[in-house]
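> Have a look at this prediction, sequence included:
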Amino acid sequence: LAGVAGLALGVLLAASIKYTDQWERAVLLRLGRYRGLRGPGYFAIVPILDRLAYTIDQRIRTTAFGAESCLTRDTVPVNVDAIAFWIVRDAERAALEVQNYDEAVVLSAQTALRDAIGKHDLAELIQSRVELGHGLKVALEQKMANWGIQVQSVEIRDVIIPAALEDAMSRQAQAEREKLAEAEAKGWKITQIWNTH
């Protein structure tokens, strides 16, 4: 009997000792009520009464997201790929204010990206990626401030336009280069004629 009691006590003690890594915080619930964050390192809980709902990683994270077949302000359909760098600054808010903050970040980023695409011309999207990324960062920070999440930066990785339009733009650019070269050649000839007289 003493052996069984000792074994039960050992199991109970083992179940009461938990730990988290340096970059993690554990969300502790007692009878379903939030009791606070625990960690990093070892900490004790009351078995049966307490449970760890989940742990929150407080390192910088990367989330890739995109928008497909969105129309720019000048009605050009584009696919845009981007990446957000973010961090959970307030683990308590992240635990209590939003059900799944990972998914919420992705959905918010996609919505903000679609909105931004509709406000810019194609040329602006292609030439001003840094400014677009900064604008997305500001928009996401405003939305996520109450979730305890801070956006470090947003980078636009790629802007893909329809192949037919890309081909037409390439031909137009080539024609403009040829006109410029022709104009320069004419200017050089006129200069030569002028110098010989």
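Nice, I can see it.

> Quick check, residue 91 in contact with residue 56.
Yes: the criterion here is CB atoms under 8 Å, and residue 91 meets it with residue 56 at 4.5 Å. Just so you know, the C-beta spots here come from the backbone N, C-alpha and C atoms, and that holds for glycine as well.

> Show the contacting residues for the residue nearest the centre of the chain.
In the chain, the residue lying closest to the centroid (CA atoms, centre = their mean) is residue 84, at 2.2 Å. The contact partners of residue 84, by CB atoms under 8 Å, 6 or more residues apart in numbering, come to 62, 63, 65, 105, 109, 136, 137, 140, 151, 153, 154.

> Which members of these are positioned in helices?
Mapping the contacts of residue 84 onto helices (DSSP state H) picks out 105, 109, 136, 137, 140.

> Nearest residue to the first one in space, please, no chain neighbours.
If the residues on either side of it in the chain are set aside, residue 105 comes closest to residue 63, at 5.5 Å by CB to CB, 6 or more residues apart in numbering.

> repeat for the fourth one
Leaving aside its sequence neighbours, residue 137 sits nearest to residue 154 (CB to CB, 6+ apart; 4.6 Å).

> Same check on the third one?
If the residues on either side of it in the chain are set aside, residue 136 comes closest to residue 154, at 4.2 Å by CB to CB, 6+ apart.

> the strands in this protein, which residues?
Taking DSSP state E as the test, the strands found in the chain are 17-20, 24-30, 33-38, 41-44, 50-57, 61-71, 77-88, 149-160.

> To residue 113, which of these lies closest?
strand 61-71 (4.7 Å; CB to CB).

> can you give me how far that closest one is from the chain middle?
In terms of CA atoms, centre = their mean, to the nearest Å, the centre of strand 61-71 is found 9 Å from the chain centre.

> hmm, back to that, with distance to residue 185 and mean pLDDT as new columns, can the strands of the chain be given to me in a markdown table?
Formatted as a markdown table, those follow (distance: least, CB to CB, whole Å; pLDDT from 0 to 100):
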| stretch | distance to residue 185 | mean pLDDT |
| --- | --- | --- |
| strand 17-20 | 72 | 92 |
| strand 24-30 | 68 | 95 |
| strand 33-38 | 73 | 93 |
| strand 41-44 | 75 | 93 |
| strand 50-57 | 62 | 92 |
| strand 61-71 | 41 | 92 |
| strand 77-88 | 37 | 94 |
| strand 149-160 | 35 | 93 |
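
> want to throw these into CSV with distance to residue 129?
Listed next are those as CSV, based on distance: least, CB to CB, whole Å:
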stretch, distance to residue 129
strand 17-20, 38
strand 24-30, 34
strand 33-38, 38
strand 41-44, 42
strand 50-57, 29
strand 61-71, 14
strand 77-88, 9
strand 149-160, 4
